[in-house]
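Colleague: Curious how this folds, go ahead:
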Amino acid sequence: MDRETCIYASKLLGRHWESPPAYERFCQRGASVDYIKAESFTYLDFFKGYLLPNFPCVFSSAFTQGWGSRKYWVTQDGKPNFDHLLRNFGDAVVPVANCNVQEYNSNPKEQILLRDYISYWKEYIEGNHSSPKGCLYLKDWHLYVFHSYSWSVNVCGRKRWLLYPPGQEESLRDHHGNLPYDVTSSALLDTSVYPEYPKCCPPIEIIQEAGEMIFVPSGWHHQVYNLDDTISINHNWMNGCNVATMWHFLQAELDAVQQEICEWRETMEDWHQHCQVIMKSCTGIDYKEFYNFLKIIAEKRISLLEKVPETKALKNICSDSPGLGPHHATFDLSRIADVLASLITNPYFQKLETDALSPAPEDLFSHLKEIINASSL
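Modeller: Predicted coordinates for the structure are as follows:
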């Protein structure tokens, strides 16, 4: 990242605190996403064109053709290589959902060994993709997502994606506020149950082929179907572009918890702390852990900046060097500082016992501001 992009990105995302990105181009019938080929496409192109505006895209299979998983996890005819998976991962415990059973707007899950799931999968294929056990789907073998970015690569097989821009999911909710189990169900046409559905834009449909990677930005509601026997690798991540989105998500989650148990507010001792515990059980993190998360990332970015040779001014360092460069580190620090300022003044964070946090949030914020000012961002 060069200095000009760093300054532009900081100003642009600073304005997003007041006005969210516009997604009008994706709300038209027949809307599509960009398809990226490997030739001459750079991380800076991705940063400017997709991370900053929070837009999805699809990368061609050329980007993943050298991956070991595409070589070893797949047979010559493009099918899952069960023998390799059993040898290397057979004893792993994995979450498996039963797609034939609906619990509210999701499926019940159980934890089983991967070798047991592969045994089922083989039987499912031999049974013409049918089994008395139902359609079992190994999914979400990963950590919590926090409204992070996500990319998903089909090692083999094909998928159909239906995506909705941020905000459109509100039109999908029923009168209880729940999202639908199936966004293609005719039940959504019943306005007595889904009163806002007529306002919802049509989903963007993507057919993802083997080897292709789809980038799913923060807050894009989606539903996915496997069209073949499919293995996918998914990765959730974040950077300065969406750390504020994560913070907004956590505030919304806490607000939802507080509304659910508001009737016990006056009678429950440490009500605010109980709300944090409940939120953590749903999202995997609470406000104090979010502070520690920000601190760890900040320390890593500070460490990177400290390695910049003293004889070189930050503005003169080449922006095309591989890895996370100093301008990107400074950009991330500026975004962390903005979120940290909001966290420190948040009334529910202030009600928590934060004396054990080290460094103190106010001290970390002051330190970040000093570093950012010194970088002349």
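Colleague: C-alpha only now, for contacts and for neighbours.
Modeller: Will do.
Colleague: For the stretch 101-250 of the chain, just list every one of the helices.
Modeller: For the stretch 101-250 of the chain, the helices defined by DSSP state H, counting those that start in this stretch occupy 114-126, 243-260.
Colleague: contacts for the longest one?
Modeller: Put plainly, it is helix 243-260. 146-148, 218, 275-276, 278-279, 283, 286-287, 335-336, 339 (CA atoms under 8 Å, 6 or more residues apart in numbering).
Colleague: Filter these down to the buried ones and express that as a PyMOL selection.
Modeller: Buried subset of the contacts of helix 243-260, written as a PyMOL selection, criterion 16 or more other CA atoms under 10 Å:
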select buried, resi 146+147+148+218+275+276+278+279+283+286+287+335+336+339
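Colleague: The contacts of helix 243-260 in helices, which ones?
Modeller: Under the assignment DSSP state H, the contacts of helix 243-260 contribute 275, 276, 278, 279, 283, 287, 335, 336, 339 to helices.
Colleague: between those, which is nearest residue 171?
Modeller: Comparing the ones in helices among the contacts of helix 243-260 against residue 171 with CA to CA places residue 283 closest, at 22.8 Å.
Colleague: who's residue 234 bridged to?
Modeller: residue 152 (DSSP bridges).
Colleague: And for the closest residue to residue 50 other than its chain neighbours, the neighbour number?
Modeller: In space, and not counting its chain neighbours, residue 50 is closest to residue 56: 6.5 Å by CA to CA, 6 or more residues apart in numbering. Each residue near residue 56 was counted by other CA atoms under 10 Å, and the total is 24.
Colleague: list the contacts for residue 56?
Modeller: Residues in contact with residue 56 (CA under 8 Å, 6+ apart) are 33, 34, 50, 214, 215, 216, 217.
Colleague: Buried subset of those, written for PyMOL?
Modeller: Only the buried entries of the contacts of residue 56 go into this PyMOL selection, using 16+ other CA under 10 Å:
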select buried, resi 50+214+215+216+217
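Colleague: what's the most distant pair in the contacts of residue 56?
Modeller: It's 34 and 217 that sit farthest apart of the contacts of residue 56, by CA to CA, at 13.3 Å.
Colleague: Which single one of the ones in helices among the contacts of helix 243-260 is nearest to residue 169?
Modeller: Proximity of those to residue 169 (CA to CA) peaks at residue 283, which lies at 18.6 Å.
Colleague: Tell me where the protein has strands.
Modeller: Applying DSSP state E to the chain gives strands spanning 34-36, 57-59, 93-98, 109-113, 136-138, 149-156, 159-164, 204-208, 213-216, 221-226, 231-237.
Colleague: Thanks a lot, see you next time.
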